[in-house]
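Novice: here is a sequence with its predicted model. Questions after.
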Amino acid sequence: MSSNYRSLLLEIVNDYYKPFKNKERKVIWLSAFAPSEIITSFDVDIFYPEIYTTILANKEICQKLISLSNQKGYENELCSYMRIFSGALDFEKSLPFGKIPSPDALVVTNNQCGTLFPMWKIFASYYNVPLFILDLPASNTNRRDYIIQQMRELIIFMEKISNSSIDYYRLSENVQISAEVSFNWRKLCNLVFSEEINISLNSLVSNYFTPITIAHSSKKTLEYLSLILSNSKKVSQKDNKKRIYWYGYPCWFSDIKFPDLSNNGAKIVANNYLTWWDFQIDKHDDPIDALTNAYSNTYLNRSFNNKMIELKNELIKFNIDGVFVISNFSCKRDSIMSNKIAETIQKMGYPVSLNEADMCDKTKFNENEFLLRAETFLENL
Amino acid sequence: MNEIDNEDHMEKIGIISNYIPEEIIEIFGQPYRIMGNFGNYPDTRISSLSCSFVKDFIIAYNSGFFNCLSGIVMPQSCDSLYVSYELLEHKNKFAYRFSQPIKSGNESEIYYLNEINRLVTFLESQTKSTYSDDTLNSIIHSSNQVKNLLKKCGYLISKQNKNIRYSQFLSLIQMAMQNNFREIQNTIEEKLLMYEKYPSTDQIKRKIMLVGPLIDNFQIIDIIEKFPDTKIVYDNITNGWRYIENEIENNVSPKKAIAKYYLNKTQSPTFDSDNLYFSTFDYAIDNLNINCMIMIVTRGCEPYYYYIPKIQQYCKKRNIPILILTVDHNENSFEKIKIKIFTFLEMI
């Protein structure tokens, strides 16, 4: 891969983590699926606690952070993103990249889960800063006007926080860029999942993914993706390993985000989590309309049937032999639905292995048991 | 475990959550609040990590315990309830997901009003009844009357009448939650008249406020009041004061009045603001002189798990001791719970 891509990656990451060393502008904390396009239309820095937690999860201090959170009274059954991050707020020793920048305001959505914003209410009162909750109800026909109004309120909220007026040209440009980033990211995922280029799934998540999450509407990210897409080499010959789909979060606690199954003649080639960052933004729409449609239809806000239709298309498209469904300790939606998901996939005609794990808390993942189950599953595939 | 009775052979419509407009439901059938003991069913298909209320409900629903319901209206309030809709095996019953906004304000009212209209259209297609403003106005009138009677009962208790157990008060509320307002009014009125005749008791040493989500295991409530000189005088629970507070206005269009009422109720942790939630705590401390709180949380109830530290901090600030009990929805082993409660109360 060209060095341009690497220097661009470094630049994006350094820009993002600058406030950890030196906070020069106002910092807005955002939840992962909040409309960053609006926020970056103002001269502020943004910070994503959940994305940062994916880094903390793989550090030695992770369990210390969890116990700090437990000491504060947070139950072990709560989302590990929130438990780890809440522990980090009171951690006195140094953290990766420096010191978490204190927020001037928080913006959170409920289009990924309904229990994220209760924690953000706690963050807001911890720092005594304003919180904007963007209520994005799951699919129904009445929600459009309600959401559009909130998008406008978010703009007013940001105008107050930043003491400036929104530049609609800049917003429109951000939406255009974000739409293209989404499109190109999906294209890259598809090429990796179908093994048409020489980037593995593990490499995609570990080495290429970060800019998509922290700078989705940045020109640099678009340029970065274009460089990757144009410079990736095509795979000349594919192997005969069984192709496995991982339905669930990557293992953020591990160096290898998807387990290595090469000893069992198999490999994990595709994953739904990575495609969540394709926001399917219609760049021809009015910016507010485009954001309303995109953020109310994020993957996790879609109906079960729609998710399963999408999954079935992917299993066919990427020539999948079997599926690992991950029942996530942290996520009530995931854990309650996991059996039904597994049953539905079986009905589609694919062998399924249902496994318990947690995306961040490694103590809730029994690797030996997983490998034994994987071995048995793959032998019988 | 037998399925729930349907002696009156009325069309019953199941509901979960305080934020689903049951007055609208009553136009089309008898609103039946899902609560109480659903029985124990062996089923490992739903993860043990789930909220134990939701887990019990899904298993009971799919095992036929709620067969007499013609359908159910589900909320989107928490993640567990949100996805449980997808797990219900319908078997000729309808299941509908009502989407209440998590914010208040004008836009939310419009959204809620649109959701009411969507619900009405749906229920008209599923039942033989049709909507009319007149019917809704009459139900609103009864709903207000029933809730006012229940409030009177609550006030009697808050005046420390030891002869009325708190579980009796909660049973009356449950009766209102599982019947038509227009039919239950007389029964509640009779009960209230009876309670009013009870002689008042002396000053009580331990006045308790009950906190938590839905608390439908009344045995635990009775254990608390079995401790000498102890009385629950107030609560902030789903099936307590949070259900009966406020009144539906009668000087605006009935659907608008319903929207306004449901969006201005004391909010649970699944809403955007905490102010209204904690205002009831202030009321209990400042006006009822409560001297401790007992929080009963259903195992796996994530929104309340997030609130535990917040409530603990609040209590510390106001110098009010609090006991947190995490229990299964169908908890049937009370020995440990009793020890915890009694040890806590001994310290008050």
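Specialist: That came in fine, so what should we check first?

Novice: now residue 270: closest residue in space that isn't a chain neighbour?
Specialist: All of this is about chain A. Distances taken as Cβ to Cβ, 6 or more residues apart in numbering or on different chains place A:Phe193 nearest to A:Ala270, at 3.8 Å, with adjacent residues excluded. Where you see a C-beta, it was placed from the backbone N, CA and C, and this is true even at glycine.

Novice: right idea, wrong chain: chain B
Specialist: B:Ser77 (4.5 Å).

Novice: phi, psi for the one you found please.
Specialist: Main-chain torsions, B:Ser77, degrees, to the nearest 10: phi -60, psi -40.

Novice: mind listing what's buried along stretch B:58-69?
Specialist: Going by neighbour count (16 or more other Cβ atoms under 10 Å in any protein chain shown), the buried part of stretch B:58-69 is B:Ile58, B:Ile59, B:Ala60, B:Tyr61, B:Asn62, B:Ser63, B:Phe65, B:Phe66, B:Cys68, B:Leu69.

Novice: I should have written stretch B:234-249 there, sorry.
Specialist: Buried-residue list, stretch B:234-249, by 16+ other Cβ under 10 Å: B:234-245, B:248.

Novice: neighbours of B:Ser52, just the number please.
Specialist: By other Cβ atoms under 10 Å in any protein chain shown, the residues close to B:Ser52 number 19.

Novice: that one and chain A: what is the separation?
Specialist: 11 Å (Cβ to the nearest Cβ, to the nearest Å).

Novice: wait, doesn't that residue sit right on B:His329?
Specialist: Yes: assessed by Cβ atoms under 8 Å, B:Ser52 is found in contact with B:His329 at 4.3 Å.

Novice: what's the spacing between the most centrally placed residue in chain B and B:Arg33?
Specialist: Centroid-nearest residue in chain B: B:Asn239, 2.4 Å away (criterion: Cα atoms, centre = their mean). B:Asn239 sits 8 Å away from B:Arg33, going by Cβ to Cβ, to the nearest Å.

Novice: and for these two, which residues touch both?
Specialist: With contacts defined as Cβ atoms under 8 Å, 6 or more residues apart in numbering or on different chains, the residues shared by B:Asn239 and B:Arg33 are B:Gln174, B:Met177.

Novice: for the chain, longest helix please?
Specialist: In the absence of a named chain, chain A is used. Using DSSP state H to define each element, chain A has its longest helix at helix A:168-193.

Novice: switch to chain B, please.
Specialist: Chain B, longest helix under DSSP H: helix B:133-158.

Novice: can you pull out the helices in the stretch 1-150 of chain A?
Specialist: A:3-21, A:36-39, A:49-56, A:62-71, A:80-89, A:116-127, A:143-162 (DSSP state H, counting those that start in this stretch).

Novice: who are the neighbours in contact with the residue of the stretch 1-150 of chain A found nearest chain B?
Specialist: Residue nearest to chain B within the stretch 1-150 of chain A (Cβ to the nearest Cβ): A:Gly73, separated by 3.5 Å. A:Gly73 sits next to B:Ile308, B:Pro309, B:Gln312 when contact means Cβ under 8 Å, 6+ apart.

Novice: got a winner among those residues for most neighbours?
Specialist: Busiest of these [other Cβ under 10 Å] is B:Ile308, holding 20 neighbours.

Novice: assumed it was part of a strand.
Specialist: No: counting by DSSP: H, G, I helix; E, B strand; the rest coil, B:Ile308 is not part of a strand but helix.

Novice: do I have it right that it meets B:Val297?
Specialist: Yes: with contact defined as Cβ under 8 Å, B:Ile308 and B:Val297 form a contacting pair (7.0 Å).

Novice: give me the common contacts of these two.
Specialist: B:Ile324.

Novice: between B:Ser52 and B:His329, what contacts are shared?
Specialist: Listed as contacting both B:Ser52 and B:His329 by Cβ under 8 Å, 6+ apart are B:Thr298, B:Arg299.

Novice: re the thing from before, counting neighbours, which bits of whichever helix or strand comes after the longest helix of chain A end up buried?
Specialist: As assigned by DSSP states H and E, the chain's next helix or strand after helix A:168-193 is helix A:201-203. Within helix A:201-203, the residues scored as buried using 16+ other Cβ under 10 Å are A:Leu201, A:Asn202.

Novice: residues in contact with the helix or strand just after the longest helix of chain B?
Specialist: Moving toward the C-terminus from helix B:133-158, the next helix or strand (DSSP H and E) is helix B:166-177. Outside of helix B:166-177, the residues within contact range by Cβ under 8 Å, 6+ apart are B:22, B:31, B:33, B:35-36, B:146-147, B:150, B:153-154, B:157, B:184, B:187-188, B:191, B:195, B:210, B:215-216, B:218, B:221-222, B:224-225, B:231-232, B:235, B:239-240, B:243-244.

Novice: which parts of helix B:166-177 are buried?
Specialist: Neighbour count says helix B:166-177 has B:Tyr166, B:Ser167, B:Gln168, B:Phe169, B:Leu170, B:Leu172, B:Ile173, B:Gln174, B:Ala176, B:Met177 buried, by 16+ other Cβ under 10 Å.

Novice: and those residues as TSV, adding pLDDT and distance to A:Leu131?
Specialist: As requested, those are exported to TSV (pLDDT from 0 to 100; distance: Cβ to Cβ, whole Å):
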residue	pLDDT	distance to A:Leu131
B:Tyr166	94	35
B:Ser167	95	38
B:Gln168	93	41
B:Phe169	94	36
B:Leu170	96	34
B:Leu172	94	38
B:Ile173	96	33
B:Gln174	96	35
B:Ala176	95	35
B:Met177	96	33
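
Novice: tell me the one of these nearest chain A?
Specialist: B:Met177 (23.1 Å).

Novice: now the closest one: how far from B:Ile244?
Specialist: 10 Å.

Novice: please apply the same query to A:Ile147.
Specialist: For A:Ile147, the distance to B:Ile244 equals 33 Å [Cβ to Cβ].

Novice: now the closest residue to chain A within the stretch 151-300 of chain B, what's its secondary structure?
Specialist: Residue nearest to chain A within the stretch 151-300 of chain B (Cβ to the nearest Cβ): B:Asp272, separated by 4.7 Å. With three-state DSSP as the basis, B:Asp272 sits in coil.

Novice: residues near it, how many?
Specialist: With other Cβ under 10 Å as criterion, B:Asp272 counts 20.

Novice: picking that back up, the residue nearest to B:Thr270: neighbouring residues, count only.
Specialist: Residues lying near B:Ser77 (other Cβ under 10 Å) number 23.
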